[in-house]
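J.: Fold the following and give me the result.
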Amino acid sequence: MARIAVRVYNNEINDLIDHGQIDEAIAHCRHILQTYSKHVETYRMLGKAYLEEQRYGDAADILQRVLSSIPEDFISQVGMSIIREDEGNMDAAIYHMERAFETQPSNHAIQDELRRLYGRRDGLEPNKIRLTRGALARMYAHGNLHDQAIAELLAALSEDPQRHDLLVLLANMYYHSMKKVEAAETCTKILEKLPYCLVATSLLVKILEESNREEEAKPFRERWEELDPYAAQIDSNTHDTEFVPDQAVTLIRLDWEPGAYGEEKGQPAWASSLGISIGGEDRSAEAVPDWLSDTGADQPEPSESPFGGSEEGEAPDWMATPSGSNEQPEDDLGLFPSEGEEEVKP
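T.: Below is the predicted model of the structure:
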């Protein structure tokens, strides 16, 4: 049986989604997760596949888990905006689209979509989308203007301390400015709320290992490797996963049988305007395998904490969040909390 690099496999899955072969893409995602059960990029592809098939309940659950690991993820923010608008929650839809805009402020499609959402909520579309502090900070960061980015981030966080996406960027800026104490403190703060945040975990590993504190770094390294198996292949010559060769992590490719999961679906025009392919009827009631059945498809009401636990079923240990709590999770047992960040001051 043929083996395939995990990165190459994820790229193939993305191509399948873009060409409307959603059922095959979902099958391959599930196959990868049987081996690498916490691989964030595969969850991201799975959420995108559910979104494009308009299985919004499943998509919301997965995309929110991705956002708890990668709070700034562009695709997940756009996807959650689409889902919340479909639910009629315009404040949450705008909140997520604003986060997507901050990630790509020069994206004209996102600007147009954000104006449309404002118009639908307020009755009048603004002529121009103003840059937020978060967007400005990211522009500084892309230009390697670390001190300016830090100043904007601190100002934004003084207004909204719960912006985990900005905290992640702040930790990065501190690290690249050689302010490792501040970076470590920021990572620790993030991990208290989002214990499987990918960037915070990887930065903390680097800081501890660079300080010859390998034993303290060990549990964080193990978690990093769960989120990204390529992290296990880092050595003295490859200081980050991006430098690890694709073939360093492989698995047996699923021999998928066409037609076993239904037909390919068409694509609405509004999705194309955002560069997203959506297809298929709602199949949220379709049975899912045991490893995915307890992710908590029911979403809490807007008044509940965005990190609250699911009311349906009992989550497996690696997804567990404190039961009966309206606070953001502070344990380190779960990969992703069952709800995302859209209700944090939408």
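J.: Checking my notes, residue 4 in a strand, right?
T.: Yes. Under DSSP: H, G, I helix; E, B strand; the rest coil, residue 4 sits within a strand.
J.: neighbours around it, how many?
T.: Counted with other Cβ atoms under 10 Å, the neighbours of residue 4 add up to 18. C-beta coordinates here come from the backbone N, C-alpha and C atoms, glycine included.
J.: what does the model give it for pLDDT?
T.: We have a pLDDT of 97 for residue 4.
J.: is it true that it touches residue 247?
T.: No. Contact criterion Cβ atoms under 8 Å: residue 4 and residue 247 do not qualify, at 9.3 Å.
J.: where does residue 65 fall, helix, sheet strand or coil?
T.: Residue 65 is classified as helix under three-state DSSP.
J.: From residue 194, how far out is it?
T.: The gap separating residue 65 from residue 194 is 11 Å, by Cβ to Cβ, to the nearest Å.
J.: residue contacts, residue 124?
T.: residue 118 (Cβ atoms under 8 Å, 6 or more residues apart in numbering).
J.: Am I right that it sits in a strand?
T.: No. Read with three-state DSSP, residue 124 is coil and lies in no strand.
J.: backbone phi and psi for it, please?
T.: Backbone torsions of residue 124, given as degrees, to the nearest 10, read phi -150, psi 130.
J.: What of the one 4 residues further on?
T.: Dihedral angles of residue 128 (phi, psi; degrees, to the nearest 10) stand at phi -150, psi 140.
J.: do residue 252 as well
T.: Per-residue torsions, residue 252: phi -70, psi 130 (degrees, to the nearest 10).
J.: again with residue 129
T.: Torsion angles, degrees, to the nearest 10, at residue 129: phi -90, psi 120.
J.: Could you pull out the strands in the chain for me?
T.: 3-5, 250-252 (DSSP state E).
J.: As JSON lines, those with distance to residue 152 would be great.
T.: As requested, the strands of the chain are exported to JSON lines (distance: least, Cβ to Cβ, whole Å):
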{"stretch": "strand 3-5", "distance to residue 152": "38"}
{"stretch": "strand 250-252", "distance to residue 152": "42"}
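J.: For residue 182, find the nearest of these.
T.: strand 3-5 (36.4 Å; Cβ to Cβ).
J.: what does the closest one contact?
T.: By Cβ under 8 Å, 6+ apart, strand 3-5 touches 12, 246, 247, 248, 249, 250, 251, 252, 253.
J.: repeat that with 10 Å
T.: With contacts defined as Cβ atoms under 10 Å, 6 or more residues apart in numbering, strand 3-5 is touched by 9-12, 28, 32, 230, 245-254.
J.: Can you go through those residues and name the buried ones?
T.: The neighbour count (16 or more other Cβ atoms under 10 Å) marks 9, 10, 12, 28, 32, 230, 248, 249, 250, 251, 253, 254 as buried among the contacts of strand 3-5.
J.: between those, which is closest to residue 49?
T.: Closest to residue 49, out of all of those and judged by Cβ to Cβ, is residue 28, at 9.2 Å.
J.: I'd assumed residue 11 was in contact with the closest one.
T.: No. Using Cβ atoms under 10 Å, residue 28 is not in contact with residue 11; the gap is 11.2 Å.
J.: Which neighbours do the two have in common?
T.: With Cβ under 10 Å, 6+ apart, residue 28 and residue 11 have common neighbours residue 45.
J.: Ok, which of the strands of the chain comes nearest residue 158?
T.: The nearest among the strands of the chain, by Cβ to Cβ, is strand 3-5 at 43.8 Å.
J.: Describe which strands that closest one pairs with in its sheet and in which direction.
T.: Sheet partners assigned to strand 3-5 using DSSP bridges are listed as strand 250-252 (antiparallel).
J.: Residues in contact with the strand it pairs with: which ones?
T.: 1-9, 31-32, 34-36, 229.
J.: Make a ChimeraX selection of the buried ones in those residues.
T.: Buried subset of those, written as a ChimeraX selection, criterion 16+ other Cβ under 10 Å:
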select :4,5,6,7,9,31,32,36,229
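J.: ok, so of the contacts of strand 250-252, who is nearest residue 83?
T.: Checking these against residue 83 by Cβ to Cβ gives residue 32 as the nearest, at 23.6 Å.
J.: Which residues are in contact with that closest one?
T.: If you count contacts by Cβ under 10 Å, 6+ apart, then residue 32 has 4, 6, 9-10, 13, 39, 41-43, 45-46, 229, 251, 253-254 around it.
J.: do the same with residue 157
T.: For residue 157, the contacting residues are 133, 134, 137, 163, 166, 167, 170, 186, by Cβ under 10 Å, 6+ apart.
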